[in-house]
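A.B. asks: 3D, please:
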Amino acid sequence: EYNVPVSSCLSCELVYKGQRFRRHYTPVNPNGSKGYVDLLVKLYPGGMMTPLMWSMKPGDKMSFKYAEKDTWRPSKYDTVGMLAGGVG
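C.D. replies: The predicted model follows:
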């Protein structure tokens, strides 16, 4: 059963021509899901990993590892700094 905190992610790893590629992605399926994990992955044509992911065929392998991040708790820190960026 999928039940992880919002601040967690999956570490995804591919090996292509002997080289390892690893990126972190946040699952988008709801807690309580059973038997699957959904990832929303945008294809970046010049990217290092997404073109490899998008070219995968049935039977190709990719490794996943749960990567727990810091758990949010009210009043855990006295101050919090935030930085955001993006396009679109």
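A.B. asks: mind listing the helices for this protein?
C.D. replies: 50-54 (DSSP state H).
A.B. asks: Look at the nearest residue to N29 once chain neighbours are set aside and say how many residues are nearby.
C.D. replies: Using Cβ to Cβ, 6 or more residues apart in numbering and skipping the chain neighbours, the partner closest in space to N29 is D38 (4.1 Å). For glycine as for every other residue, the C-beta is placed from the backbone atoms N, C-alpha and C. D38 has 10 neighbouring residues, counting by other Cβ atoms under 10 Å.
A.B. asks: One more: the one 4 residues further on?
C.D. replies: Using other Cβ under 10 Å, K42 has 7 neighbouring residues.
A.B. asks: how close does the nearest residue in space to Y16 that is not next to it in sequence get to D78?
C.D. replies: Spatial nearest neighbour of Y16, excluding adjacent residues (Cβ to Cβ, 6+ apart): L52 at 5.4 Å. Plainly put, L52 is 43 Å away from D78 if you go by Cβ to Cβ, to the nearest Å.
A.B. asks: cool, F21 as well?
C.D. replies: Note on F21: its distance to D78, by Cβ to Cβ, is 39 Å.
A.B. asks: Neighbour count: those two, which is higher?
C.D. replies: Using other Cβ under 10 Å, the more surrounded residue of F21 and D78 is F21, with 16 against 5.
A.B. asks: Is the more buried one bridged to anything, and to what?
C.D. replies: On the basis of DSSP bridges, F21 is bridged to L14.
A.B. asks: Contacts only, for it.
C.D. replies: E13, L14, V15, M48, M49, L52 (Cβ atoms under 8 Å, 6 or more residues apart in numbering).
A.B. asks: Return the members of the residues you listed classed as buried.
C.D. replies: Applying 16 or more other Cβ atoms under 10 Å to the contacts of F21, the neighbour count classes L14, M49, L52 as buried.
A.B. asks: of these, closest to F64?
C.D. replies: Using Cβ to Cβ, the shortest approach to F64 within the buried ones among the contacts of F21 belongs to L14, at 10.6 Å.
A.B. asks: Would you agree the closest one is in contact with M62?
C.D. replies: Yes - counting by Cβ atoms under 8 Å, M62 is a contact partner of L14 at 5.3 Å.
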